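Engineer: Need a 3D model of the following:
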Amino acid sequence: MLDKYSYRLIEPFLTRVGKNLLKVGLTPNSLTWIGLAFCIFAAIFIFYSNMLWALVFIYLNRLCDGLDGHMARQTQITKYGGFIDIFFDFIFYALIPLSFGFHREENLIPAIILLLSIFLNGISFLAFAAVKSTSKKNEEFQKKSIYYSYGLMEGTETIVFFSLFCIIPENFSFICYIFSALIFLTILQRLYNAQKTL
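Structural biologist: From the prediction side, this is the model:
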């Protein structure tokens with residue numbers, strides 16, 4: 001819901017930083033792999049109850065996710081780069097809730113429900129993109145690897161909820177159920193949009 005607004009807000013910053021990273025020899029794909037490493041570090045810190053460092057690495061992961069695309073557009077966009085960008089995104093979306101599930105026994109069921117909602121939302125997102133991308137792409141996201149369908153819960157909202165998990169981990173279950181319910185609403189929204197537009 002908020003991605004198109006947050007994207008416009010941080011785009012100048014990402015473009016400027018991306019140019020500097022290219023000057024020192026980093027490639028878009030290498031930054032995508034670095035982002036995956038940050039994701040793994042975040043999951044480890046969550047498991048060992050160090051939520052401050054977990055939050056730092058979550059933000060570093062998302063920064064890499066934003067920067068790699070900008071760097072690719074300044075150099076060369078590749079299908080492989082688009083593939084690992086999307087693939088690693090879903091690893092991130094799965095690994096963070098899973099690490100909270102293993103962190104405390106009482107978190108496991110809420111984490112599984114959240115993972116199910118993320119899994120189904122990912123399927124709906126990719127299925128919609130696979131069909132829709134044969135015709136056109138969003139104007140705002142015309143340079144993305146696949147057709148980007150808007151929804152109630154997107155990347156920006158995910159960062160907010162993952163941040164809340166780290167800031168108030170004792171309320172993980174409650175926040176998790178709210179997040180899961182909103183993701184399920186996003187799935188219904190995408191199903192409706194698919195029926196209306198495809």
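Engineer: Dump the one helix or strand L22 maps to to CSV, keeping only the CA atoms.
Structural biologist: Element membership for L22 (DSSP states H and E) is helix 3-23. Listed next in CSV are the C-alpha coordinates belonging to helix 3-23 (Å, rounded to 0.1, in the frame of the first residue of the first chain):
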residue,chain,number,x,y,z
ASP,A,3,5.6,1.2,-1.5
LYS,A,4,4.9,3.6,-4.3
TYR,A,5,5.1,6.5,-1.8
SER,A,6,8.2,5.3,0.1
TYR,A,7,9.9,4.5,-3.2
ARG,A,8,9.5,8.0,-4.5
LEU,A,9,10.7,9.4,-1.1
ILE,A,10,14.0,7.4,-0.9
GLU,A,11,14.7,7.1,-4.7
PRO,A,12,17.1,10.1,-4.8
PHE,A,13,19.1,8.7,-1.8
LEU,A,14,19.3,5.2,-3.3
THR,A,15,20.4,6.5,-6.7
ARG,A,16,23.2,8.6,-5.1
VAL,A,17,24.5,5.8,-2.8
GLY,A,18,24.2,3.3,-5.7
LYS,A,19,26.5,5.5,-7.9
ASN,A,20,29.1,5.6,-5.1
LEU,A,21,29.0,1.9,-4.6
LEU,A,22,29.5,1.3,-8.3
LYS,A,23,32.5,3.6,-8.2
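Engineer: what's downstream of whatever helix or strand S30 lives in, the next helix or strand?
Structural biologist: According to DSSP H and E, S30 maps onto helix 28-47. Once the chain leaves helix 28-47, the next helix or strand it forms, by DSSP H and E, is helix 51-74.
Engineer: Can you name the secondary structure element that comes next after that next one?
Structural biologist: Moving toward the C-terminus from helix 51-74, the next helix or strand (DSSP H and E) is helix 79-103.
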